[in-house]
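J.: Give me coordinates for this.
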Amino acid sequence: MGTVLGAMRNVRWHELQHAYGSASQVPGVLSRIAWGDAPTAGEALSDLERWIGTPPVFDSTAATVPFLWELAATDTVRDRAGVLDLLVTILAAGSAEHPEWTRAAHDAVAAGRATAVRLAAVHDVPDADAGGPSPARAVRTAATRLLAAIDGHTCPVCAALPPREARER
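T.: Residues are numbered from 1 along each chain as shown. As a prediction, this is how the structure comes out:
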């Protein structure tokens with residue numbers, strides 16, 4: 001593991017849960033998104049969405065979000081737009097039983113807003129192999145969609161719970 005995702009080893013994944021059990025598999029899935037070919041990365045992104053972002057969020061969701069931001073900002077990641085779309089999904093998800101997980105996940109998504117601003121301004125680079133929209137355009141579109149979701153975020157859980165810093169005082 002290089003510098004991308006290097007901090008994953010600092011998370012106690014085995015103590016966290018996702019939709020299907022232990023989150024100990026999350027680092028491997030994030031690695032497949034980071035370094036896999038297009039089909040491998042796409043499958044890993046789909047797995048991760050089912051595990052941490054489908055209607056309820058989990059305690060592993062907030063721990064995963066900073067790594068998703070890292071992947072979205074890394075030029076070599078094949079489906080950066082898909083990573084940004086997963087962040088939109090997480091921002092729309094919640095957990096009625098664990099509102100603190102919801103707030104933590106939503107705060108983690110909002111914390112990367114500056115990255116989304118930067119990605120929304122990415123310029124197209126001609127790609128001789130591309131027949132469809134350029135990867136830069138897809139990233140820009142997804143980042144713009146994510147910015148709109150962050151800026152318009154008004155879920156009842158986040159409105160009811162104070163930010164983590166206030167809760168920890």
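J.: Near the closest residue to Gln17 other than its chain neighbours, how many other residues are there?
T.: Spatial nearest neighbour of Gln17, chain neighbours left out: Phe58 (5.3 Å); criterion: CB to CB, 6 or more residues apart in numbering. For the C-beta atoms, the positions are set from N, CA and C on the backbone; glycine is no exception. Counted with other CB atoms under 10 Å, residues neighbouring Phe58 total 24.
J.: ditto for Ser60
T.: Neighbours of Ser60 (other CB under 10 Å): 25.
J.: now do the one 5 residues further on
T.: By the measure other CB under 10 Å, the count of residues near Val65 is 26.
J.: Secondary structure element holding it?
T.: According to DSSP states H and E, Val65 maps onto helix 59-72.
J.: got it, and Val157?
T.: helix 156-160.
J.: what does that helix contact?
T.: Gly94, Pro99, Thr102, Arg103, His106, Asp107 (CB atoms under 8 Å, 6 or more residues apart in numbering).
J.: what about that helix, average pLDDT?
T.: Predicted confidence along helix 156-160 averages 87 (mean pLDDT).
J.: so how far is that helix from its chain's centroid?
T.: 20 Å (CA atoms, centre = their mean, to the nearest Å).
J.: Please name the nearest non-neighbouring residue to His153.
T.: In space, and not counting its chain neighbours, His153 is closest to Leu91: 6.0 Å by CB to CB, 6+ apart.
J.: May I ask which helix or strand of the protein has the lowest mean pLDDT?
T.: helix 164-168 (a mean of 51; mean pLDDT, DSSP states H and E).
J.: so where is the protein shaky, pLDDT-wise?
T.: 1-2, 124-133, 163-169 (pLDDT under 70).
J.: biggest helix in it, by residue count?
T.: helix 135-151 (DSSP state H).
J.: so what secondary structure elements neighbour that helix?
T.: Where contact means 3 or more CB pairs under 8 Å, 6 or more residues apart in numbering; DSSP states H and E, helix 135-151 is packed against helix 80-92, helix 99-111, helix 113-120.
J.: Need those helices in TSV (columns: mean neighbour count and distance to Thr3).
T.: Supplementary listing: these in TSV, determined by neighbours: other CB atoms under 10 Å; distance: least, CB to CB, whole Å:
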stretch	mean neighbour count	distance to Thr3
helix 80-92	23	17
helix 99-111	21	20
helix 113-120	17	16
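J.: related to what we said a few turns ago, next up, the contacts around the residue nearest to Gln17.
T.: Leu16, Gln17, His18, Ala19, Ala23, Trp51, Ile52, Ser95, His98, Trp101.
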